[in-house]
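Participant: Could you look at this predicted model? Sequence included:
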Amino acid sequence: MTEKLKLITSLKGHFGIVWNVSWHPKGIMLASCGEDKTIRLWNYKEGDKSSLKCLLADGHQRTIRAIAWSYCGQNLVSASFDATVAIWDNKSGQFECNATLEGHENEIKSVAWSRSGSMLATCSRDKSVWIWEVWEDNEYECAAVLNAHSQDVKKVVWHPQEDILASASYDNTVKLYMEDPADKEWTCVGTLSSHTSTVWSLAFDKSGDRIVTSSDDRTLKIWQKYLPGNAEGISVKDGNFVYKCVCTISGFHTRPIYDVTWCHLTDLIATACGDNSIRIFKEDDLSDHNQPSFSCIAHVYEAHLQDINSVQWNPVVKGVLASCSDDSLVKIWKMEST
């Protein structure tokens, strides 16, 4: 039995580059954003029946680089090259922009909600990561400005279970942050260094004990979490944890890997590459978690006509993947056994 990634539908409507896609937590709707300064919400239906639900405009003055749904599904956040963040909610029955956050000096590249919904993280070309506390009545307060990176910060992602934040940067590293329970200050508690060029993206597995990172160096890396007193004898400072690189996946991608997503339903990893391809990776059977191995089980050549900027697995429907590209298209795919 072999696996195949099959194209289900192509969603047309954006003008110019489509930068990011984000699934609603119930898997019923897909959001996309791009160069045309709009957010498009698509109703997801099986087969080729997905359709445009609504268009959100007038929230930003420049390209919208990233979007993310809150875990409750009531709020959508967008980040723009105009250095602002917009918060959209549908309390009135239709999505409206009810808050705008300012503070970054340059383009905002990524945005993410914490699992609890009480925090929002943003990152920018200004090299900083901001953490915002979320209050009732659309009130947001900056809780921390983190300057651990020395270059443009490309991506922020929250741990799926805990209030741990990860950020990926042009400085070739990933940084990890936690709030110190003693003084309530956010600090950098770890640096993941192994890539030889820009780290474009990262994703946690469903437990948060593993991270996959994707890079301009055309490799993926798998990082394993170790706690104090671990059986492997890995040194852990300050009584917290450490992530160690336990696997490098190389030789598959021919250009930079712009995005990576780790499915929490199937454990499959999907990548978006500058060579216009989507690849699916699966951990090998009997793989050792301290020295895991992964195989490429599906590869769609020319999945898009130009660079693929974002991929994301549907959080509810197994094997359904969304992608978007410089070619102005959003596509929905499904893994099938043949």
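Facilitator: Sure, I can see it.
Participant: give me the low-pLDDT residue ranges for the stretch 101-250 of the chain?
Facilitator: Along the stretch 101-250 of the chain, no part satisfies pLDDT under 70.
Participant: residues touching the nearest residue to Ile249 once chain neighbours are set aside, list them.
Facilitator: Nearest non-adjacent residue to Ile249, counting by CB to CB, 6 or more residues apart in numbering: Leu220, 4.0 Å away. Glycine gets a C-beta too; all of them are placed from N, C-alpha and C. Contacts for Leu220 (CB atoms under 8 Å, 6 or more residues apart in numbering) come out as 212-214, 248-250, 257, 260, 269, 271, 281, 294.
Participant: Kindly write the PyMOL command that selects the buried subset of these.
Facilitator: Remark: buried members of these, expressed as a PyMOL selection using 16 or more other CB atoms under 10 Å:
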select buried, resi 212+213+214+249+257+260+269+271+281+294
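Participant: how about the helix or strand containing Cys296: buried residues?
Facilitator: For Cys296, the host element (DSSP states H and E) is strand 294-300. In terms of neighbour count (16+ other CB under 10 Å), strand 294-300 has its buried residues at 294, 297-300.
Participant: What of stretch 261-270?
Facilitator: Quick answer for stretch 261-270 (16+ other CB under 10 Å): 261-263, 268-270.
Participant: Stretch 37-56 now?
Facilitator: Within stretch 37-56, the residues that count as buried by 16+ other CB under 10 Å are 37-42, 44, 50, 56.
Participant: what about it, how long is it end to end?
Facilitator: Using CA to CA, to the nearest Å, one end of stretch 37-56 lies 9 Å from the other.
Participant: how far does it sit from the chain's center?
Facilitator: 20 Å (CA atoms, centre = their mean, to the nearest Å).
Participant: Please apply the same query to stretch 296-311.
Facilitator: With CA atoms, centre = their mean as the basis, stretch 296-311 stands 16 Å off its chain's centre.
Participant: So for it, mean pLDDT?
Facilitator: Stretch 296-311 shows a mean pLDDT of 97.
Participant: What are the contacting residues of that stretch?
Facilitator: 2-5, 7, 17-21, 252, 258-261, 268, 270-274, 276-282, 321-327, 329, 331, 333, 335.
Participant: Check stretch 330-338 too.
Facilitator: Stretch 330-338 is contacted by residues 1-11, 14, 18, 21, 30, 32, 40, 42, 44, 50, 266, 268, 278, 280, 298, 300, 303-304, 318-325 when judged by CB under 8 Å, 6+ apart.
Participant: Show only the entries of those found in strands.
Facilitator: Among these, the subset assigned to strands under DSSP state E consists of 3-11, 18, 21, 30, 32, 40, 42, 278, 280, 298, 300, 320-325.
Participant: Derive a PyMOL selection command for the buried subset of those residues.
Facilitator: The buried residues among these can be selected in PyMOL (16+ other CB under 10 Å) with this line:
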select buried, resi 5+8+9+11+18+21+30+32+40+42+278+280+298+300+320+321+322+323+324+325
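Participant: Settle this for me: Thr271 is touching Pro256, isn't it.
Facilitator: No: contact criterion CB atoms under 8 Å: Thr271 and Pro256 do not qualify, at 10.4 Å.
Participant: Bridge partners for the residue nearest to Ile249, pull those for me.
Facilitator: As for beta bridges, Leu220 partners with Ser214, Ile249 under DSSP bridges.
Participant: Could you check how many residues crowd around Trp253?
Facilitator: In this structure residue 253 is His, not Trp. Neighbourhood size, His253 [other CB atoms under 10 Å]: 21.
Participant: And for the one 5 residues further on?
Facilitator: Other residues within reach of Tyr258 by the criterion other CB under 10 Å amount to 24.
Participant: For stretch 158-166, buried residues please.
Facilitator: So stretch 158-166, judged by 16+ other CB under 10 Å, has buried residues 158-160, 163-166.
Participant: cool, and stretch 331-338?
Facilitator: Neighbour counts using 16+ other CB under 10 Å place 331-335 of stretch 331-338 among the buried residues.
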